[in-house]
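Asks: Here's a sequence, model it:
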Amino acid sequence: MRYGFYMPTRGATAQPDALETLVARGEALGFSSTMIADHVVFPVKIQSKYPYTADGRFPGHGDALEQLSLMAFIAAKTTRLRLVTSVMILPYRNPVFTAKSLATVDVLSRGRVTVGVGVGWLEEEFRALGAADFTRRGAVSDEYIRIFKALWTTSPASFHGEFYRFDEIQCLPHPVQKPHPPIWIGGHSKAALRRVARFGDGWHPVGANPAVPLGPAELQALLDEVYRLTEAEGRDPTRLTISYKAPVYDAGTPLAPGVARRPFTGAADQIREDIDTFARLGVSELIFDFRSESQSESLDRMERFAQSIGLSA
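Replies: Below is the predicted model of the structure:
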């Protein structure tokens, strides 16, 4: 099993020195990857339903570092951590420019980029960015993935799609990783599972989602469907990486009625038992959330977890 952690993108812990300290400690403790979220702007009034809280309200406060810029910063401050967009909202950016930016970071990081992708949920942000039609964002995203692969593997490259087209352009240098950086598909809707089957090198669902819980039983059922769909596409499902975002919860947060223990909390043997459960299902990377408004508390959470499972560099 490999382990990753979320990168702060806002607040006091997202300042340069704090970010550098966090990734340095993560590498020293033996974590494999860090997750970098994606927002560009936040409309003051948000009517869109946030898919990762039970009440649909977005918990952010209107600030966030830009994803690709933060990825480049982290690449320069680390030597081993994989740099994962978790997830990149594909329609937000010009696909050719984005392919070039990701390839550049892959080259400069010596092949440490993983491209986690999603279709987005915040319609107001789509409008503010002049992005594609929100109602067509799934089809747009599929096309952009195909553009990435074309630009990363051929030169000159041409593409003629419904939303974007170009003829014989060179987009060099290509990424270090061959044939291209891994592409992980986020989400666990039916459309997301089909996207995994058609385009993904991995599946990257959010497991600790109060709105749509994804425990072991639910995960097994969806994995069965992912594997079935992947085989139907003529692809080998055993080659998919399953990366499960399962945040560590703040131990001080009260439990819901009838809940004895949150997954991945409690005694060290309980945490290891949870990890073994997901490993048996086929999960090869678990992502945890150690973020806090306090840098010292974030580091303490990270170190306690690493100690509880015997993680070492």
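Asks: got a pLDDT number for D55?
Replies: The pLDDT attached to D55 in the predicted structure is 83.
Asks: Kindly report the same for T153.
Replies: What the model reports as pLDDT for T153 is 98.
Asks: is it true that it touches P175?
Replies: No. At 9.1 Å, T153 does not count as touching P175 under the criterion of C-beta atoms under 8 Å. To be clear about C-beta, it is placed using only N, CA and C from the backbone, and glycine gets the same treatment.
Asks: more neighbours, those two?
Replies: More neighbours surround P175 than the other of T153 and P175, with 23 against 13 (other C-beta atoms under 10 Å).
Asks: Look up how far L68 lies from the more buried one.
Replies: Shown here: P175 relative to L68, a distance of 14 Å by C-beta to C-beta, to the nearest Å.
Asks: cool, and F148?
Replies: F148 sits 13 Å away from L68, going by C-beta to C-beta.
Asks: For A54, which three-state class applies?
Replies: When states are read from DSSP: H, G, I helix; E, B strand; the rest coil, the local structure at A54 comes out as coil.
Asks: from now on call the first residue 10
Replies: Taking 10 as the first residue, the last one we looked at is A63.
Asks: which SSE is the most centrally placed residue in the chain in?
Replies: The structure's the chain has its C-alpha centroid closest to S95; by C-alpha atoms, centre = their mean the separation is 2.0 Å. Secondary structure here is read from DSSP states H and E; on that basis S95 sits in strand 91-98.
Asks: what sits up against that strand?
Replies: Residues from elsewhere that reach strand 91-98 (C-beta atoms under 8 Å, 6 or more residues apart in numbering): 13, 15, 41-47, 76-77, 80, 83-84, 107, 111, 114, 118, 121-129, 193, 195-196, 213, 252, 254, 296.
Asks: Which positions within the next helix or strand after it qualify as buried?
Replies: Sequence order places helix 104-117 as the next helix or strand after strand 91-98, per DSSP H and E. By 16 or more other C-beta atoms under 10 Å, the buried positions in helix 104-117 come out as P104, V105, T107, A108, K109, S110, L111, A112, T113, V114, D115, V116.
Asks: just checking, what packs against the strand or helix carrying V124?
Replies: Take DSSP H and E as the rule and V124 turns out to sit in strand 122-127. Judged by 3 or more C-beta pairs under 8 Å, 6 or more residues apart in numbering; DSSP states H and E, strand 122-127 is in contact with strand 91-98, helix 104-117, helix 146-162, strand 192-195.
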